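[1] what's the 3D shape of this:
(one chain, ligands or ions: 3)
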Amino acid sequence: MMASEPGLVIKAQSGFYQVKTGKGVITCSLRGKLKRGERLGDLVAIGDRVHLSYINSTEGVIESIEPRQRAFSRLDPRPQGAYEQVLLANPDQLLAIFACTKPEPHLRMLDRFLVMAEQQSIPSIIIANKSDLVTRAEAKAIFGLYQPIGYHVIYTSTKTGEGVAEVRALLNNKISALTGPSGVGKSSLASCIQTNLQLRSSAISLATGKGRHTTEVRELHPLEGGGFMADMPGLRALALWDIQPEELDGYFPEMRDLINTCHYNDCTHRTEPGCSIRLAVQEGAIHPERYRSYLAMRFGDMDV
Ligand SMILES: Nc1nc2c(ncn2[C@@H]2O[C@H](COP(=O)(O)OP(=O)(O)O)[C@@H](O)[C@H]2O)c(=O)[nH]1
Ligand SMILES: [Mg+2]
Ligand SMILES: [Zn+2]
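    Numbering: from 1, shown residues only. Ligands and ions are numbered 1, 2, ... in the order given. Below is the predicted model of the structure:
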């Protein structure tokens with residue numbers, strides 16, 4: 001059979017995939033031969049580009065998966081070793097949403113999201129929501145430090161509509177992942193961007209012979225302007241990501257270019273003499289809060 005129809009996986013649930021093709025959405029299973037052998041991670045995830053063959057006009061079989069450019073994953077510890085659960089393949093960008101107040105922004109958590117996105121080479125956009133509750137000076141006192149690092153910061157309010165059009169435009173024709181703590185306005189912002197955009201992925205509990213088993217439905221939500229949006233799970237799940245302590249400084253863009261100028265090439269930037277990172281902090285080129293965030297991630301409790 002010809003396996004030639006290209007498509008994008010937009011929904012994954014219990015071994016079945018909805019694939020958006022030029023001829024509509026096709027419900028697919030995975031060709032058995034792809035599942036053979038030892039596996040260290042999910043073969044298919046939402047965001048993957050695949051090729052399918054048709055069974056009929058609405059059903060098909062995934063025959064091949066294109067190599068992933070990047071992915072948001074979490075490591076699932078299993079008896080056979082860590083398994084890479086792919087939450088979203090090929091994201092174009094991460095939207096990290098926090099509130100200017102109510103709740104107070106937790107910048108260590110934001111830094112953690114930024115580091116995880118840097119590790120995967122995924123551009124991050126910071127959304128500072130509830131801008132109506134603070135003055136612009138107050139908002140900038142919190143989030144202003146991210147702009148000089150190179151992050152795009154957008155101040156938004158779902159009450160006044162500030163920044164919403166800018167966010168909507170940035171989503172056009174891209175696969176975007178939305179994340180942030182609860183209560184910051186993620187659902188409100190999603191419905192401001194597009195009516196009826198429901199981001200929560202649902203977890204359905206199925207009773208199986210082996211007891212309770214939770215199946216997660218992961219979904220890419222189509223956007224009217226083209227493109228897709230997906231929600232990401234909370235930080236606790238993401239904190240399991242495999243980031244080596246010695247590579248952490250490379251995921252802070254403002255530190256990256258200075259690392260090689262430290263006296264010791266295995267410098268941890270904490271106490272070593274001749275450390276160009278600490279010098280940059282003293283000189284104001286690196287924000288002290290970002291430096292403290294780095295130290296907390298490297299030497300403190302990784303669970304923020
Ligand atoms: N003042 C203000 N309140 C907001 C804004 N966005 C959301 N909220 C409120 O914040 C609360 C939490 O919003 P929700 O969208 O459920 O947050 P989520 O948990 O991140 O999805 C709700 O009471 C919203 O009405 C905003 O821009 N300004
Ligand atoms: Mg919500
Ligand atoms: Zn150093």
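
[2] where does the stretch 101-250 of the chain come near ligand 2, residue by residue?
    186-187 (C-beta under 5 Å from the ion). Bear in mind the C-beta positions are built from the backbone N, C-alpha and C, glycine included.

[3] What ranges does the stretch 101-250 of the chain have for its helices?
    Secondary structure of the stretch 101-250 of the chain (DSSP state H, counting those that start in this stretch): helices at 107-119, 136-143, 146-149, 164-171, 186-193, 235-238.

[4] can you tell if the fourth one touches ligand 1?
    In this case it means helix 164-171. No - residues of helix 164-171 are not located near ligand 1 by C-beta under 6 Å from any ligand atom, the shortest gap being 9.3 Å.

[5] How about the longest one?
    No - figure legend: helix 107-119 not in contact with ligand 1 (C-beta under 6 Å from any ligand atom); closest approach 13.2 Å.

[6] Check the fifth one too.
    Yes - against ligand 1, helix 186-193 shows contacts by C-beta under 6 Å from any ligand atom at 186-188.

[7] Can you pull the residues of the protein lying near ligand 3?
    Contact residues (C-beta under 5 Å from the ion) of the chain with ligand 3: 262, 267, 269, 275, 277.

[8] The fourth one: neighbour count?
    Here the neighbour count serves as a burial measure; for Cys275 (other C-beta atoms under 10 Å) it reads 20.

[9] mind listing what it touches?
    262-264, 267, 269 (C-beta atoms under 8 Å, 6 or more residues apart in numbering).

[10] With secondary structure, pLDDT and distance to Gly7 added, can I get the residues of the chain next to ligand 3 in TSV?
    Listed next are these as TSV, based on DSSP: H, G, I helix; E, B strand; the rest coil; pLDDT from 0 to 100; distance: C-beta to C-beta, whole Å:
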residue	secondary structure	pLDDT	distance to Gly7
Cys262	coil	98	48
Cys267	coil	97	48
His269	coil	97	46
Cys275	coil	98	50
Ile277	helix	98	46
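
[11] so where does Gln18 fall, helix or strand?
    Taking DSSP states H and E as the definition, Gln18 sits inside strand 16-21.

[12] So for that strand, what gets flagged as buried?
    By neighbour count on 16 or more other C-beta atoms under 10 Å, the buried set for strand 16-21 is 17-21.

[13] Without its sequence neighbours, what residue ends up closest to the residue in the chain that ligand 2 sits nearest to?
    Closest to ligand 2 within the chain is Ser187: 3.3 Å, counting by C-beta to the ion. Distance criterion C-beta to C-beta, 6 or more residues apart in numbering; nearest residue to Ser187, sequence neighbours excluded, is Leu199 at 6.7 Å.

[14] residue contacts, that neighbour?
    178, 186-187, 190, 221, 229-231.

[15] Minimum pLDDT in these, which residue is that?
    Least confident of these in the model: Asp231, at 86.

[16] isn't it right next to Thr179, touching?
    Yes - contact criterion C-beta atoms under 8 Å: Asp231 and Thr179 qualify, at 7.3 Å.

[17] that older thread, nearest to Ser293, out of the helices of the stretch 101-250 of the chain?
    Ranking the helices of the stretch 101-250 of the chain by proximity to Ser293 (C-beta to C-beta) places helix 107-119 first, at 4.2 Å.

[18] Now do the contacts for the nearest residue to Ser157 once chain neighbours are set aside.
    Among residues not flanking Ser157 along the chain, Asp132 sits closest, at 4.1 Å (C-beta to C-beta, 6+ apart). By C-beta under 8 Å, 6+ apart, the residues touching Asp132 are 157, 159-160, 162.

[19] In CSV: those, plus distance to Glu289.
    Below are these laid out as CSV (distance: C-beta to C-beta, whole Å):
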residue, distance to Glu289
Ser157, 24
Lys159, 28
Thr160, 28
Glu162, 25
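
[20] Identify, from these, the entry nearest to Glu138.
    Closest to Glu138, out of all of the contacts of Asp132 and judged by C-beta to C-beta, is Ser157, at 13.4 Å.

[21] hang on, the closest one packs against Ala139?
    No - the pair Ser157 / Ala139 is not scored as a contact, 10.2 Å apart, by C-beta under 8 Å.

[22] anything in contact with each of the two?
    Ser131.

[23] shaky segments in the stretch 101-250 of the chain?
    Low-confidence segments of the stretch 101-250 of the chain, defined by pLDDT under 70: 200-216, 234-242.

[24] give me that answer again for 80
    Scanning the stretch 101-250 of the chain for pLDDT under 80 picks out 198-217, 233-243.
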